[in-house]
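Peer 1: What follows is a predicted protein model with its sequence.
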Amino acid sequence: MGNLVEHPAPTAAAAPTTATTTTAAQAPDTAWVKARAAAGRRQLIQSLALELALPLGGYYLLAGLGMSQWAALVISGLLVAPWLVYGMVRRGRVEVMPVFTLVLLTAGALMSLVTGSPRVLLIRDSWFFGVIGLWVLGTLATRRPFMLTAARSIVAAKIGEAGAQAWLDRWDTEPTFRHQIRLLTAVWGAGFLLDAGIRVLFACTLPIGAVPLVNSLQWLVVLGGLFGFHFWYVTRNGLKV
């Protein structure tokens, strides 16, 4: 998530040491920061396109070719697996979220083998978003809520390591900053749980053939709402880097 959102940054009043401790050598080059931000946006768009389009397009293509709903859901769901593995190989490290997604894809396919129900496969995605939502909300009980840790690398890329550390230190000194970070974390966690609940409702009530498309559309609506609130909130409260 860290590359999905605009994150809080230190203000001049709250972090006066940023300007004095971030030297010209430490401060990131403006062109480099812009290039990195553009690359991050391209990667986000590519990920959303592939992770939504591959399963969705694959399902309707296979179903249109006469494959059963169950088989079409199983195969289309697994189409994203090579993309997830390729991403980890390219970055040279095993990452939690891709591995977690692969585990859920495999578990859903195995469970559907036992039940023979395509609706089990449709509910599978809700596990993913539900677990993420619970984990995000669980970080509220810690000294490092999700939005604080997710934002640090973005802040460092934009204003340098010294500035990022000054921004991180605000957690220990500013109650208002802690409240803002917790609120943003709570909104994102609740958003993921809302999406999970909607997916279960659709999987249990809508015609099976309509669920993949409706799920993709409702996820874009939920994600758009989360982004819209986030950008409005950080701008309104002067938190934008």
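Peer 2: Good, I have the coordinates.
Peer 1: Could you list every helix and strand in contact with the strand or helix carrying Gly160?
Peer 2: Counting by DSSP states H and E, the element that carries Gly160 is helix 146-173. Other helices and strands packing on helix 146-173, by 3 or more Cβ pairs under 8 Å, 6 or more residues apart in numbering; DSSP states H and E, are helix 17-21, helix 30-64, helix 175-205. Using the backbone N, CA and C atoms, a C-beta is placed for each residue, glycine as well.
Peer 1: weakest of those helices by average pLDDT?
Peer 2: Lowest mean pLDDT within the helices and strands packed on helix 146-173: helix 17-21, a mean of 35.
Peer 1: and the direction of the helix holding Gly160 versus that of helix 175-205, what angle?
Peer 2: Angle, helix 146-173 to helix 175-205, by axes from the mean of the first three to the mean of the last three Cα atoms, to 10 degrees: 160 degrees.
Peer 1: Between the two ends of stretch 135-155, how far is it?
Peer 2: Start-to-end span of stretch 135-155 (Cα to Cα, to the nearest Å) is 23 Å.
Peer 1: List the buried residues of that stretch.
Peer 2: Within stretch 135-155, the residues that count as buried by 16 or more other Cβ atoms under 10 Å are 136-137, 139, 145-152, 154-155.
Peer 1: Equivalent analysis for stretch 77-96, please.
Peer 2: Neighbour-count burial for stretch 77-96 flags Gly77, Leu78, Leu79, Val80, Leu84 (criterion: 16+ other Cβ under 10 Å).
Peer 1: Report the rounded mean pLDDT for that stretch.
Peer 2: Mean per-residue pLDDT for stretch 77-96: 77.
Peer 1: same thing with stretch 154-171?
Peer 2: Rounded mean pLDDT across stretch 154-171 is 78.
Peer 1: now the strand or helix carrying Val131, how far from the centre of its chain.
Peer 2: Applying DSSP H and E as the criterion places Val131 in helix 118-138. On the basis of Cα atoms, centre = their mean, to the nearest Å, the separation between the geometric centre of helix 118-138 and that of its chain is 13 Å.
Peer 1: Same question for stretch 60-73.
Peer 2: Stretch 60-73 sits 28 Å away from the centroid of its parent chain (Cα atoms, centre = their mean).
Peer 1: Give me the contact list for it.
Peer 2: The contact list for stretch 60-73, computed with Cβ atoms under 8 Å, 6 or more residues apart in numbering, reads 58-59, 75-76, 112, 116-118, 121-122, 208-209, 212-213.
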